[in-house]
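**Student:** model this:
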Amino acid sequence: MRIMTLPCDGIGPEIMAATLAVLDTANDRFDLSLSFHEEEAGFTSLKKHGITLREETLDRARRDFDGVILGTQSHMDYPPLAQGGRNVSAGFRLGLDLYANVRPALSREFVANKAPGMDLVIMREATEGFYPDRNMHEGVGEMMPDPDMALSVRKITRRASTRICEQAFKLAMRRRKKVAAIHKANSFLMTDGLFLECFRDVAKQYPAVETEEIIVDAFAALLVRQPHQYDVIVASNFYGDILSDLASELSGSLGLAGSINANAETGLCCAQAQHGSAPDIAGQNIANPTSLILSAAMMLSWLGEQRGIDTLQQAGLAIEAAVDTVLENPATRTRDLGGNTNTDEFGRLVAAQLKL
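**Tutor:** Residues are numbered from 1 along each chain as shown. Below you'll find the predicted structure:
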């Protein structure tokens with residue numbers, strides 16, 4: 001099984017190295033036959049090829065690889081698209097049609113958090129919505145008719161809404177059989193109205209699943225007040241992006257949150273940390289690699305489930321357990337969590353747990 005790795009920018013190369021140390025150990029223990037192949041993206045690609053993400057890279061990912069591990073990117077520091085500053089995350093999500101951005105948020109009793117009992121998964125649609133770089137066939141969905149006016153177009157389609165809702169209900173059937181749809185249909189009558197219509201249509205196929213429809217601003221408050229109440233959350237792109245960061249931070253830290261982008265129909269999956277590139281600490285070996293390690297574990301579990309390979313699922317679960325064991329000891333946590341463990345050492349500690 002071939003895995004493409006793209007370290008990208010900022011702390012990306014450091015947390016990628018720690019993640020690969022863990023995956024190498026899992027590869028040996030579970031006899032996964034994984035092979036890892038590094039490709040260029042971000043500033044490295046921009047310097048060498050004049051663009052942050054080449055079409056050739058996407059073509060190889062689609063054609064030659066089973067999974068992708070994507071490092072962090074400094075999108076805000078890229079030049080304009082016309083000068084090669086392509087959004088790498090959006091490039092993969094659109095180029096490989098990775099419509100399901102799966103973001104769990106889990107509160108651990110042994111890590112300080114503001115949301116006791118939280119154990120939910122946000123299913124975020126990732127290929128359209130209020131994102132101007134992915135909602136037009138040509139051009140972008142933002143424009144300035146004059147210097148004092150800026151407009152943005154939102155795209156919601158039946159196809160995209162239906163398939164993310166289907167994945168949310170399928171996931172709920174394996175969990176606690178509850179799905180909440182997040183919307184603002186009281187204001188966005190047509191766009192969120194269409195999203196809810198699709199949600200209700202899919203819900204009819206899953207009578208065993210309890211459903212809710214919650215306005216997005218109310219849900220932000222409820223997430224703080226009663227985080228333990230929720231199981232699977234399904235949302236369009238913009239809402240899901242914001243709410244998943246909120247949920248992860250409430251559950252302990254954005255640095256502890258795994259994430260994958262996947263397409264159940266094509267079988268493609270990309271692991272990607274939820275957080276950014278943290279250029280202010282890049283190269284210092286102090287970044288927390290937990291998010292990318294857990295994302296890689298999610299990728300293994302997802303690929304194993306899709307392909308019926310038990311060892312991949314076992315490896316994913318074992319990595320998650322090893323991470324928790326290391327985090328449970330305050331002395332072996334990284335600096336952001338009050339410990340003193342460096343990035344590379346954290347990876348080695350998790351790998352060592354996998355061997356036990």
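**Student:** do you know the pLDDT at the residue most central in space within the chain?
**Tutor:** In the chain, the centroid-proximal residue (C-alpha atoms, centre = their mean) is Ser259; its distance is 2.8 Å. As summarised for this prediction, Ser259 has a pLDDT of 97.
**Student:** kindly report the same for the one 4 residues further on.
**Tutor:** You'll see Asn263 listed with a pLDDT of 97.
**Student:** burial of Phe110, as a residue count?
**Tutor:** Neighbours of Phe110 under the rule other C-beta atoms under 10 Å: 11. Heads up, the C-betas are built off the backbone N, CA and C, glycines and all.
**Student:** what does Leu292 give?
**Tutor:** Other residues close to Leu292 by other C-beta under 10 Å number 32.
**Student:** next one: the one 10 residues further on
**Tutor:** Look at Trp302: counted by other C-beta under 10 Å, it has 22 neighbours.
**Student:** so for whichever helix or strand Asn101 is part of, what's the average pLDDT?
**Tutor:** According to DSSP states H and E, Asn101 maps onto strand 100-106. Summarised as a single mean, pLDDT over strand 100-106 is 98.
**Student:** same deal with stretch 68-81?
**Tutor:** 95.
**Student:** what is the strand holding Asn101 packed up against?
**Tutor:** strand 119-125, helix 158-174, helix 237-250, strand 260-263, helix 290-307 (3 or more C-beta pairs under 8 Å, 6 or more residues apart in numbering; DSSP states H and E).
**Student:** out of these, flag the one nearest Lys47.
**Tutor:** The closest of these to Lys47 is helix 290-307. By C-beta to C-beta, the value is 23.0 Å.
**Student:** show me where the stretch 251-356 of the chain dips below the pLDDT cut-off.
**Tutor:** Applying pLDDT under 70 to the stretch 251-356 of the chain flags no residue at all.
**Student:** let me see the ranges of the helices in it.
**Tutor:** Remark: helices assigned in the stretch 251-356 of the chain by DSSP state H, counting those that start in this stretch are 290-307, 310-328, 343-355.
**Student:** out of the helices and strands packed on strand 100-106, which gets nearest to Leu98?
**Tutor:** Short answer: strand 260-263, nearest of the helices and strands packed on strand 100-106 by C-beta to C-beta, at 3.7 Å.
**Student:** listing partners with orientation, what would you give for the closest one?
**Tutor:** Looking at strand 260-263 with DSSP bridges, its partner strands are strand 100-106 (antiparallel), strand 268-272 (antiparallel).
**Student:** just send the ones you listed back as CSV, with mean neighbour count too.
**Tutor:** Shown next, in CSV, are these (neighbours: other C-beta atoms under 10 Å):
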stretch, mean neighbour count
strand 100-106, 25
strand 268-272, 26
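**Student:** of all the ones you listed, which one is nearest Leu356?
**Tutor:** Nearest to Leu356, of the strands paired with strand 260-263 and by C-beta to C-beta, is strand 100-106 at 22.2 Å.
**Student:** alpha carbons of that closest one, as CSV, please.
**Tutor:** C-alpha atoms of strand 100-106 as CSV (Å, rounded to 0.1, in the frame of the first residue of the first chain):
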residue,chain,number,x,y,z
ALA,A,100,-16.1,14.3,3.6
ASN,A,101,-13.9,16.2,6.1
VAL,A,102,-14.2,14.0,9.2
ARG,A,103,-13.2,15.7,12.5
PRO,A,104,-13.7,14.0,15.8
ALA,A,105,-13.6,15.9,19.1
LEU,A,106,-13.0,13.8,22.2
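**Student:** so how far is that strand from its chain's centroid?
**Tutor:** 6 Å (C-alpha atoms, centre = their mean, to the nearest Å).
**Student:** which outside residues touch that strand?
**Tutor:** 93, 115, 118-126, 163-164, 167, 171, 240, 244, 247-248, 250-251, 257-264, 274, 298, 302 (C-beta atoms under 8 Å, 6 or more residues apart in numbering).
**Student:** about what we covered before: nearest to Leu151 among the helices and strands packed on strand 100-106 would be which one?
**Tutor:** Closest among those, using C-beta to C-beta: helix 237-250, at 15.9 Å.
**Student:** before we move on, back to that, the residue nearest to the centre of the chain contacts Ala271, doesn't it?
**Tutor:** Yes - with contacts counted by C-beta atoms under 8 Å, Ser259 reaches Ala271, the gap being 7.4 Å.
**Student:** which neighbours do the two have in common?
**Tutor:** Common neighbours of Ser259 and Ala271 (C-beta under 8 Å, 6+ apart) are Ser295, Met298.
**Student:** looking at stretch 134-145 now, give me its mean pLDDT.
**Tutor:** What stretch 134-145 shows for mean pLDDT is 88.
**Student:** try stretch 6-18
**Tutor:** Stretch 6-18 comes out at a mean pLDDT of 98.
**Student:** identify the residues contacting it?
**Tutor:** Outside stretch 6-18, the residues that reach it (C-beta under 8 Å, 6+ apart) are 5, 38-44, 57, 68-74, 77, 88, 273, 276-279, 281-283, 285, 287-289, 291-293, 343-344, 346-348, 350.
**Student:** TSV for the helices and strands packed on strand 100-106, including distance to Pro132?
**Tutor:** TSV is the format used below for the helices and strands packed on strand 100-106 (distance: least, C-beta to C-beta, whole Å):
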stretch	distance to Pro132
strand 119-125	16
helix 158-174	16
helix 237-250	11
strand 260-263	19
helix 290-307	26
